[in-house]
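> Need coordinates for the below:
(one chain, ligands or ions: 1)
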Amino acid sequence: MIRLGLFLLALSATSALSAPPEPGEAPLTIVIHGGAGALERGRYTPSEEAAYKSKLSEALDTGYAVLESGGAALDAVEAAIVVMENSPLFNAGKGAVFTREGENELDASIMDGRTKAAGAVAGVTHIKNPIRLARAVMERSPHVMMIGKGAEEFAKEQGLEFVKRSYFRTEARWKAYKSAVEKEKSEKRGDKESGLPHDFKYGTVGVVALDANGDLAAGTSTGGMTLKRYGRVGDAPIIGAGTFADNNSCAVSSTGWGEYFIRLTIARDICAQVEYAGKTVAEAANNVIHERLQESGGDGGVIVLGRNGDYVMEFNSAGMFRGVRQGEVKEVAIYRD
Ligand code: GLY
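This next block holds a predicted model:
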């Protein structure tokens, strides 16, 4: 019996440590999300659904074109996220949610699975594309994370594009902010619970990609949570919570209630289960989202991509804006179909 146990253990360790595919063996793949949340069918009109799907599709095609032309997974991740940051539809870049003070504060991170290098920014207010700044932190500074004014000072030195704060504002997000303020007043909730109306937390964007060299990368960008205050930072810029990539295991980008994703180190946990327990990306994501996150009371979702091209888009919320392109396979979806 003990021998059988040891044999099975050795077998699963072998599968966890099996040789990575040779460059070009695994299919070029890009997987994206545009946020998870209370996305019940019927929430959007057919034309709104079409607009979301079309932007998701554009982001997928933009990232996939980078991979097809021999570009790095890191470049594909950045390019696809920029498309979503520039769209008013998502809670990242233009279209970010509002803080309690009625401002926009943005967080982002990126990680290279080949080198395990990572970069992140939090609480930036004038950078058009925070994902580009996160990458600059990774590649052109000795640091992993920069915040607020210091991050923007660095952005100036690096020649990144600045915008007025008003650039990020959209009428839809402003209305949602006003209604969240009213709702909170009418419910007379205290500071501890404030800023957390269930429907106002989501819309983060994220991308994971696998390139022709067999390298993985992941990135995430967000405006955070409506009514956030005190310089609140969510999971999106936290390496291991919102973003993680390692060629030895997988690449992950998270979306959801950031406080839970930070406490559970969601992205790292999924990759650790793949690396050390020999789980498939589907098994690891299933455990982390439907057991650990669910049991802790949090909600949201992840996109996960393994070094063999296995991928999963898993969430415990009603829906998640998401999409994948892998060779001839191309899908975009919103609801739990
Ligand atoms: N998941 C985004 C945030 O909580 O800020």
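
> The ligand contacts on the protein?
Residues of the chain that fall close to the ligand, judged by C-beta under 6 Å from any ligand atom: 204, 222, 224-225, 234-236, 255-256, 258. Where you see a C-beta, it was placed from the backbone N, CA and C, and this is true even at glycine.

> Select only the buried ones of those in PyMOL?
Only the buried members of the residues of the chain next to the ligand enter the following PyMOL selection, criterion being 16 or more other C-beta atoms under 10 Å:
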select buried, resi 204+222+224+225+234+235+236+255+256+258
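
> from the residues of the chain next to the ligand, which ones fall inside strands?
In this view, the residues of the chain next to the ligand that belong to strands under DSSP state E are 222, 255-256.

> of all those, which comes closest to the ligand?
residue 222 (4.6 Å; C-beta to the nearest ligand atom).

> isn't residue 305 right next to residue 207, touching?
No - the pair residue 305 and residue 207 fails to qualify as a contact (C-beta atoms under 8 Å) at a distance of 9.6 Å.

> Look at the two and report which has more neighbours.
Neighbour totals were compared for residue 305 and residue 207, and residue 207 leads with 35 against 31 (other C-beta atoms under 10 Å).

> host element of that one?
Assigned by DSSP states H and E, residue 207 belongs to strand 205-210.

> likewise residue 132?
helix 130-140.

> Could you check how many residues crowd around the closest residue to residue 148 other than its chain neighbours?
Spatially, and ignoring its direct neighbours in sequence, residue 148 is nearest to residue 123 (4.5 Å; C-beta to C-beta, 6 or more residues apart in numbering). Neighbours of residue 123 under the rule other C-beta under 10 Å: 21.

> Then residue 123 would be within a helix, right?
No - with DSSP: H, G, I helix; E, B strand; the rest coil as the criterion, residue 123 is strand rather than part of a helix.

> what separates the helix holding residue 132 from the chain centre, distance-wise?
Centroid separation for helix 130-140 versus its chain: 16 Å, with C-alpha atoms, centre = their mean, to the nearest Å.

> i'd like the first residue to be 18 from this point on
Yep, numbering from 18; the last one is helix 147-157 now.

> What residues of it count as buried?
Residues of helix 147-157 classed as buried: 147-155 (neighbour count, 16+ other C-beta under 10 Å).

> State the mean pLDDT of stretch 124-142.
Taken as a whole, stretch 124-142 has a mean pLDDT of 98.

> correct me, but the residue nearest to residue 165 touches residue 250?
Yes - the pair residue 140 / residue 250 is scored as a contact, 6.5 Å apart, by C-beta under 8 Å.

> Give the residues shared as contacts by those two.
Residues touching both residue 140 and residue 250 (C-beta atoms under 8 Å, 6 or more residues apart in numbering): 124, 164.

> secondary structure element for residue 244?
Using DSSP H and E, residue 244 falls outside every helix and strand.

> burial measure for it, as a count.
Around residue 244 there are 24 other residues, counting by other C-beta under 10 Å.

> swap in residue 196?
14.

> List phi and psi for it.
phi -70, psi -30 (degrees, to the nearest 10).

> Okay, it and residue 116: tell me how far apart.
Taking C-beta to C-beta, to the nearest Å as the measure, residue 196 falls 15 Å from residue 116.

> now do residue 38
Distance of residue 38 to residue 116, computed by C-beta to C-beta: 44 Å.

> ditto for residue 331
The value you get for residue 331 to residue 116, if C-beta to C-beta is used, is 29 Å.
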